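[1] The following block contains a protein sequence and its predicted model.
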Amino acid sequence: MIWLLRFILLFLLCFIVYLGIKSFFNSSRKLKIARKHHRFYLQDNEDIRKNFFLTYKGIMFIGEKYIGANENRSDVLTIFISPQQTVTGLIKDDFAYLTEKIREKYPNAEIHWKSPIQEFLQT
């Protein structure tokens, strides 16, 4: 009976350590930390159909990816990026930097910024 209790305790300890390691390397945790410390971080899934999240200088952006309708269904052709909150303190060079970083990941994609950023970049 005592060996069964020891086995259960050992199993629970291993499970708790596994959950701790898994949560430490979680990408959404890294995104929150980068946002808190005003750093750049791009969180993207392996699935090409899912949106990506990006943070820069404490501002969170969502990138909507659209794949091609022709023979290249694995290529992202268009990306629409919108902020989750009010964008203050960024200049045009910051948006150029973000566009460059996204182009590193998706070189064939057209990147479009949603309003009000689009109007800011056109001035």
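    Noted; the coordinates are in hand. Residues are numbered from 1 along each chain as shown.
[2] Wait, a helix at Ser28?
    Yes - using DSSP: H, G, I helix; E, B strand; the rest coil, the assignment for Ser28 is a helix.
[3] Look up the residues forming beta bridges with the residue nearest to it when sequence neighbours are not counted.
    Once flanking residues are discounted, Ser28 sits nearest to Gln43: 7.0 Å by CB to CB, 6 or more residues apart in numbering. To be clear about C-beta, it is placed using only N, CA and C from the backbone, and glycine gets the same treatment. Following DSSP bridges, Gln43 is listed with bridge partners Phe53.
[4] these two touch, right, Gln43 and Ser27?
    Yes - judged on CB atoms under 8 Å, Gln43 makes contact with Ser27 at a distance of 5.0 Å.
[5] Show me which of the two is the more surrounded one.
    Set side by side, Gln43 and Ser27 show more neighbours around Gln43, with 16 against 13, by other CB atoms under 10 Å.
[6] so how far is Phe25 from that one?
    In this view, Gln43 and Phe25 are 13 Å apart by CB to CB, to the nearest Å.
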